[in-house]
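**Student:** From the sequence below, what's the structure:
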Amino acid sequence: MGCNRTTNKLADSNFRDLSVEPLPQRALSFPAEIEDSLGWGNLVESPFKKKQEEFRFVLTSNKAPYHLFKISNRKGIKGESVLFWEKETSASLTDAFQNMEQHLNGRCSEFKETAQYQYCTPIYSVEPNWEQIYNALERDSIWTLSGQSSSAQSGNSWKFNTQVRHGNYYRSYSYTNPDQSQKTPEILNALSVITQLNRVSESFFKTDNFKS
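**Tutor:** Next comes the predicted model:
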């Protein structure tokens with residue numbers, strides 16, 4: 001990972017300079033099939049101009065559906081969100097899969113599938129203020145949070161995975177059950193980031209998957 005001092009927004013973190021270093025492995029915590037199906041592609045390999053920026057987030061728990069978000073700052077700030085869950089082969093789980101479609105019927109514009117997943121694009125009751133969310137994420141140090149490798153376990157174990165890119169500078173990190181960790185300034189910032197994402201989720205349906 002690059003650690004040279006620079007003026008980019010990731011300067012105070014352990015980042016990778018994609019213009020001079022080998023490309024890192026695609027983030028395994030993100031559903032690559034869905035990213036490709038949506039036309040997002042691999043964040044590491046996507047062409048970026050010097051000042052273009054993007055955040056991607058996945059929130060997963062032991063309760064589907066999971067949440068996938070993208071917020072970009074290219075020609076203006078824009079955001080997208082997706083609900084997704086794994087496909088299963090057994091008859092009983094297939095029934096549960098169909099029940100998920102029924103559960104989300106009227107809340108999503110359409111349902112799509114890949115080899116491993118089904119997903120849908122939620123319908124907003126009120127379009128999120130993506131610029132406001134973007135600014136809040138920056139205030140919460142989204143670029144430089146260090147992430148954590150492990151945390152306290154519970155019956156409702158959940159994980160928050162992040163990718164950020166600023167021009168050719170990139171990094172990824174994750175938190176597991178951050179609400180159960182010691183409330184350091186960094187953990188509080190991570191929980192604040194999750195609160196921003198939950199506000200997006202609340203604009204299309206209520207969820208109790210993730211605490212913050």
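**Student:** Stretch 127-143: how far from the chain's middle?
**Tutor:** Distance, stretch centre to chain centre, for stretch 127-143: 13 Å (Cα atoms, centre = their mean, to the nearest Å).
**Student:** mean confidence for that stretch?
**Tutor:** Stretch 127-143 shows a mean pLDDT of 94 in the predicted model.
**Student:** Name the residues of that stretch that are buried.
**Tutor:** Taking 16 or more other Cβ atoms under 10 Å as the neighbour-count basis, stretch 127-143 is seen to contain the buried residues P128, W130, I133, Y134, A136, L137, D140, S141, I142, W143. Every residue, glycine included, has its C-beta placed from N, CA and C.
**Student:** Over to the third one: give its phi and psi.
**Tutor:** Meaning I133. Here is the backbone geometry of I133 (degrees, to the nearest 10): phi -70, psi -40.
**Student:** after the helix or strand of the chain with the lowest mean pLDDT, next one along is what?
**Tutor:** Least confident helix or strand, the chain: helix 91-104 with a mean of 68, by mean pLDDT, DSSP states H and E. Counting by DSSP states H and E, the element after helix 91-104 in chain order, helix or strand, is strand 108-113.
**Student:** got the buried residues for the longest helix belonging to the chain?
**Tutor:** Under DSSP state H, the helix in the chain containing the largest number of residues is helix 185-202. With burial defined by 16+ other Cβ under 10 Å, the residues of helix 185-202 counted as buried are 186-187, 189-194, 196-198, 200-201.
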